[in-house]
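Peer 1: Could you work out the structure for the sequence below:
(chains A, B and C)
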Amino acid sequence: MGCKNCCSICLQCLFGYETNVMLVINNKGVGALFRLIQFMIIAYVRAYQDTDSVISSVSTKVKGNILTNTSIEGVHVWDVPEYVIPPQGEKSFFVLTNVIPTPGQTQSKCPEIPSEVTKCESDSDCIEGHTEVHGNGVQTGHCVQYSDTIKTCEVHAWCPLENDTIIPKPALLGAAEHFTVLIKNNIQYPKFNFRKRNLLHHINSTYLKNCTFDRKTDPHCPIFRLGHMVTEAGEDFSVMALKGGIIGILIDWNCDLEFPERFCIPKYSFSRLDNKNPENNVAPGYNFRFAKYYKNNKSIETRTLIKAFGIRFDVIVFGMAGKFNIVPTIVNLGAALACLSLVTAICDWVMLTCMKDRDQYAKRKFIHLNQNGDSVQGLA
Amino acid sequence: MGCKNCCSICLQCLFGYETNVMLVINNKGVGALFRLIQFMIIAYVRAYQDTDSVISSVSTKVKGNILTNTSIEGVHVWDVPEYVIPPQGEKSFFVLTNVIPTPGQTQSKCPEIPSEVTKCESDSDCIEGHTEVHGNGVQTGHCVQYSDTIKTCEVHAWCPLENDTIIPKPALLGAAEHFTVLIKNNIQYPKFNFRKRNLLHHINSTYLKNCTFDRKTDPHCPIFRLGHMVTEAGEDFSVMALKGGIIGILIDWNCDLEFPERFCIPKYSFSRLDNKNPENNVAPGYNFRFAKYYKNNKSIETRTLIKAFGIRFDVIVFGMAGKFNIVPTIVNLGAALACLSLVTAICDWVMLTCMKDRDQYAKRKFIHLNQNGDSVQGLA
Amino acid sequence: MGCKNCCSICLQCLFGYETNVMLVINNKGVGALFRLIQFMIIAYVRAYQDTDSVISSVSTKVKGNILTNTSIEGVHVWDVPEYVIPPQGEKSFFVLTNVIPTPGQTQSKCPEIPSEVTKCESDSDCIEGHTEVHGNGVQTGHCVQYSDTIKTCEVHAWCPLENDTIIPKPALLGAAEHFTVLIKNNIQYPKFNFRKRNLLHHINSTYLKNCTFDRKTDPHCPIFRLGHMVTEAGEDFSVMALKGGIIGILIDWNCDLEFPERFCIPKYSFSRLDNKNPENNVAPGYNFRFAKYYKNNKSIETRTLIKAFGIRFDVIVFGMAGKFNIVPTIVNLGAALACLSLVTAICDWVMLTCMKDRDQYAKRKFIHLNQNGDSVQGLA
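Peer 2: Numbering: from 1, shown residues only, chains lettered A, B, ... in the order given. This is a model prediction of the structure:
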């Protein structure tokens, strides 16, 4: 073979176009089945989307005042800087609903609160330097009178100790359910250069001054009544206020960015995130202790310890945005095309198994070739 | 049919290798088209990646001091523990830029700040126990003199009340734009066991002591001038300092881990996250109130209320890492192969529609079979 | 052609079922290869999953008391409200391990702490209004005696200035390693309506009162000893307590929701997130300053500045849940089917290249058609 011949073969290989030899069978039943399955698969092919996770910024602002009148503190008005902790208006904020205050604590020694492990008969029951896990201080090693009848181990601590066995009922700041919170939420999908906020375009200042969120009448108002959120989460505010808890304010920004921007709107939902009262619950509710520090007249550091029960609201923003992208679309198109080959397989099976002319079809469809190279048309 | 025959058929089924009968057509035009599309699809096939989302830890440290001289407070030097809230150096930190202090507040009664709803003529205009949404306390039911000419409802509150109608201008701590913040950011992609931090290898301590971030000259220095960040976000620091706002410090860790680790570097960008002054903005800017509590000489709890305006900086770390993975690669390979069948379909269409020898091709390509099993070569 | 004929062709097109004409070759070797590869690809096809990212809520509660005895402060018992900052029990909490207190600071003037840039000979070395980046205040322009031998620039500041050159060693609150923290973590996968918490079903209150996490004996106890976590992160608590640091508490909720809910359990791991002592480390460790404000007897604002060193624990919850979904399954099925076509390609290549009867096969497989429409059976 000369080189010319060789080149010609190469060219033929390169430009020779190969196509399958097809057997077209005019059978209405199988034909209809064939087209039906093909149609179903093609219907499944659609534009596929590239996705991006939401990036979000939240600020919150609580409004409301409460007047309480207790025997210890007298008349006291609680305003935002006192009952919202931390005060900065971050995406997780805590609203005080119940308090056990212990004023006038100083560094000194006092008898422990009586319990199984702190009661004692003599000094030998107490260990100097020992710290009880659930205790309030470090033991001095002395056993002293707690009351007329009870002796407990003495501790170095901020004395007098807090006695948190009795929780005020009803909750001191139970009226906090009427407080409102304004939630400002700005989101972006950096991959699609998309930005939006939860104060939608059609909302004006006048509306915002008076609205409160209501799923039916005001679904886009970003001002929420605390009590309403707790109710939507399936809880009773006055019960929850006693020992506290955690409420999630879920903002769902799932958007299909194929549609105009105005269809991308946040969906709010509320749910209790901590567990109320299952059997295996330690420390149910939500509370923490903080202190306000003073120097008294003798310049000794004094503090008011506050055991704060309340509801922590966690604003949780989540969502995915999707937009047409050629790569996943090709992947899906390819998958659908491949599935089309299944159709032929199914119809072949029907033709070759159920039809009365199956031998005829098989004869035309298959060209059998034995190992020795002989062509054998049909097997039976 | 004996069992031997039966077995032989089974074996034939199992090991009989089926291949399509192909029609090879030597037509240079269609052949070239065929190869071109094939090449395009094969070029699209490439290794695909498994992805993981970033896990990040951020700590921040602001530096700078400011001296202010006001008629109320006199000379006052502000240092970090005073103007950065919270002080812990978390990923979201607030820098005070303007303040309205209200010293000497105690729990007592005083007339409300005059407004549409708080002005009154007589006690009957005020409701005992009522709380105005935008008010500062709980009404006592009395109407009292606010000034010589104005009467307002009296409230139980922390008195004297804050009057925040006049915001200091220029901002008291406008010089905060010269403060710097060091941002330490450690990230990991747990799926790929990849860890890195934003203090890159080639940066040494001497450099870090003097550098400040600059997109051109120092793009990897993790120390940022507050004013520079605000400017990059397209804002004027002195204007923003008046009423506050939120600036996002976006750190983009998108990495292709196929490449060496040194190519995975953070990209910084800055943008204002709250809305400046659109028409439907309630409470523009960013402010909150907090208080410092004291006991005065008579042991009465007194507080200094501070309405704090300032800029909250949110460090937002995001990114995805990708690394070769066999599963998505097979999916993509399959998709591409399936698309190859499209090529044949397109070329077939060209052959059977546009070519002058189309009848000839169709005759060879299709073997028609009628329902009665007769072979019909060609239709026309 | 009449319309009847036209319709008949259309119907034929619509319901004509096309199938490939196949060449069946009885060659055991290639047949076996063909089936083997087919089997491998089919084995790879499996149900694919839709995924969702975890949404999480965390609350933490630290327990423990420490008694310290220093020359400055005397005996002092530290309890949770004093050493945990912020006190709210959020997912990132800081435990104080070492302190440099500076009591009695007031707004006044005093000489700077001596350093390269603050030492001076005369007033001309100091610039009025100048602020050193690493300084403590704003210079007055005077050069004053710091000690008998050293003169430094005077500054407006909270005086006396903090001198943080000597860090207490061992760490004042080094015993904090015995503290425990209870971590409550509730997660949800909103797409699958799946909720779970880290207090697993089989854990009861009695167990929780006494357990501490141990990878072998108590892998599901949500109470962690601080020292244990630091050790697992590969660090020495007493060393880390000196200058502080950041420890990540990673909770991995990766779950396959095909399996029963009880198999979806959290996996805990701990790692140090900041860098210990690489060469290019500025400000190693983790510290910040905060202040407690008082009014002294003359009603002058006084503060105790505290430079707080300690360990910040970041609870980082991550995970993906997967559940069967038809769409990705079809995509994968399609991809696998497409790969089946590769099998034929490979076997064809083997047949047409390596077999001795290759010419015979080629003759049967390919029907060559020249541009002029003539059929050419075989090329050679």
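Peer 1: dump the residue contacts of A:Gly244.
Peer 2: Neighbour list for A:Gly244: A:Thr97, A:Asn98, A:Gly285, A:Tyr286, A:Asn287, A:Phe309, A:Gly310, A:Ile311, A:Arg312 [criterion: CB atoms under 8 Å, 6 or more residues apart in numbering or on different chains]. (Each C-beta comes from the backbone N, C-alpha and C, glycine too.)
Peer 1: which stretches of the stretch 201-350 of chain A have low pLDDT?
Peer 2: Scanning the stretch 201-350 of chain A for pLDDT under 70 picks out the ranges A:277-283, A:339.
Peer 1: Do you have the helices of it handy? List them.
Peer 2: Per DSSP state H, counting those that start in this stretch, the stretch 201-350 of chain A carries helices over the ranges A:205-210, A:226-232, A:237-243, A:326-354.
Peer 1: Can I get the ones you listed in JSON lines including distance to chain B?
Peer 2: Compiled in JSON lines, those are given as follows (distance: least, CB to the nearest CB, whole Å):
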{"stretch": "helix A:205-210", "distance to chain B": "5"}
{"stretch": "helix A:226-232", "distance to chain B": "13"}
{"stretch": "helix A:237-243", "distance to chain B": "17"}
{"stretch": "helix A:326-354", "distance to chain B": "3"}
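Peer 1: Output the ones you listed in CSV; the columns should cover distance to A:Lys365 and mean neighbour count.
Peer 2: Putting these into CSV (distance: least, CB to CB, whole Å; neighbours: other CB atoms under 10 Å in any protein chain shown) gives the following:
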stretch, distance to A:Lys365, mean neighbour count
helix A:205-210, 72, 12
helix A:226-232, 64, 20
helix A:237-243, 73, 21
helix A:326-354, 7, 18
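Peer 1: Flag every residue of the stretch 51-200 of chain A that's near chain B.
Peer 2: Neighbours of chain B within the stretch 51-200 of chain A, by CB under 8 Å from any CB of the partner chain: A:53, A:55, A:57, A:59, A:61, A:63-67, A:75-77, A:79-82, A:86-90, A:178, A:180, A:182, A:184, A:186, A:190, A:197, A:199.
Peer 1: With adjacent residues omitted, what lies nearest to whatever residue of chain A ends up closest to chain C?
Peer 2: Residue of chain A nearest chain C, by CB to the nearest CB: A:Ala335 (2.7 Å). Spatial nearest neighbour of A:Ala335, chain neighbours left out: C:Gly334 (2.7 Å); criterion: CB to CB, 6 or more residues apart in numbering or on different chains.
Peer 1: Now, of the contacts of A:Gly244, which are buried?
Peer 2: Taking 16 or more other CB atoms under 10 Å in any protein chain shown as the criterion, what is buried in those is A:Thr97, A:Asn98, A:Gly285, A:Tyr286, A:Asn287, A:Phe309, A:Gly310, A:Ile311, A:Arg312.
Peer 1: So which of those residues would count as near chain C as well?
Peer 2: A:Tyr286, A:Arg312.
Peer 1: Roughly how far does the residue positioned nearest the centre of chain A sit from C:Ala321?
Peer 2: Closest to where the C-alpha atoms of chain A average out (CA atoms, centre = their mean) is A:Ile316, at 5.9 Å. The gap separating A:Ile316 from C:Ala321 is 16 Å, by CB to CB, to the nearest Å.
Peer 1: just A:Asp52 next, same as before
Peer 2: In terms of CB to CB, A:Asp52 sits 20 Å off from C:Ala321.
Peer 1: sorry, back to before: for the residue nearest to the centre of chain A, what are its contacts?
Peer 2: A:Ile316 neighbours (CB under 8 Å, 6+ apart): A:Gly248, A:Ile249, A:Leu250, A:Ile251, C:Ile55, C:Ser57.
Peer 1: farthest-separated two in those residues?
Peer 2: Using CB to CB, the pair of these lying farthest apart is A:Ile251 and C:Ser57, separated by 14.4 Å.
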